[in-house]
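A.B. asks: Need the 3D shape of this:
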Amino acid sequence: MANHKSALKRARQSEIRRLRNKGYKTRVKNIVKEVQKAADANAPEQAQAAFIKAVSTIQKTASKGIIHKNTAARKISRLARRINQIEAS
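C.D. replies: Numbering: from 1, shown residues only. Sure thing, here's the model as predicted:
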């Protein structure tokens with residue numbers, strides 16, 4: 001454990017940020033699952049609405065630096081491809 005006052009503060013701040021980031025990452029995972037569930041149920045309207053919400057959440061998370069921008073792009077791309085597949089069929 002840290003000994004200096006500044007190092008102790010840094011450890012506290014890091015822990016708070018870690019917990020906050022964990023919440024954002026969990027939110028992204030859950031919203032991706034929601035889109036996939038709607039796609040599996042073959043409900044294009046519901047899937048499209050969930051997709052729009054998911055894109056917003058994923059981009060917001062990436063802009064805050066919680067997930068990498070390429071990770072965000074990959075997740076959005078895969079969801080979009082999934083939505084387009086169910087709309088085509």
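A.B. asks: okay, CA-based contacts and neighbour counts for the rest of this
C.D. replies: Noted.
A.B. asks: Just the pLDDT for K9.
C.D. replies: If you check K9, the pLDDT there is 93.
A.B. asks: confidence score at K22?
C.D. replies: 97.
A.B. asks: do the same with M1
C.D. replies: According to the prediction, M1 has pLDDT 68.
A.B. asks: just the one 4 residues further on next, same as before
C.D. replies: Listed pLDDT for K5 reads 92.
A.B. asks: tell me the phi and psi of it?
C.D. replies: phi -60, psi -40 (degrees, to the nearest 10).
A.B. asks: With A41 instead?
C.D. replies: phi -80, psi 0.
A.B. asks: which residues sit in contact with it?
C.D. replies: Listed by Cα atoms under 8 Å, 6 or more residues apart in numbering, A41 has no contact partners.
A.B. asks: swap in the one 5 residues further on?
C.D. replies: Listed by Cα under 8 Å, 6+ apart, the contact set of Q46 reads A38.
A.B. asks: if you set the cut-off to 10 Å instead, what comes out?
C.D. replies: Contacts for Q46 (Cα atoms under 10 Å, 6 or more residues apart in numbering) come out as E34, V35, K37, A38, A39.
A.B. asks: Could you look up the SS state of it?
C.D. replies: helix (DSSP: H, G, I helix; E, B strand; the rest coil).
A.B. asks: do the same with R18
C.D. replies: Using three-state DSSP, the structure places R18 in helix.
A.B. asks: Against K29, how distant is it?
C.D. replies: Distance from R18 to K29, counting by Cα to Cα, to the nearest Å: 16 Å.
A.B. asks: now swap in I76 and tell me
C.D. replies: I76 is 12 Å from K29, by Cα to Cα.
A.B. asks: Report the spatially closest residue to the residue nearest to the spatial centre of the chain, excluding sequence-adjacent ones.
C.D. replies: For the chain, the residue nearest the mean C-alpha position is V28 (2.5 Å; Cα atoms, centre = their mean). Leaving out its chain neighbours, the residue that sits closest to V28 by Cα to Cα, 6 or more residues apart in numbering is I58, at 6.1 Å.
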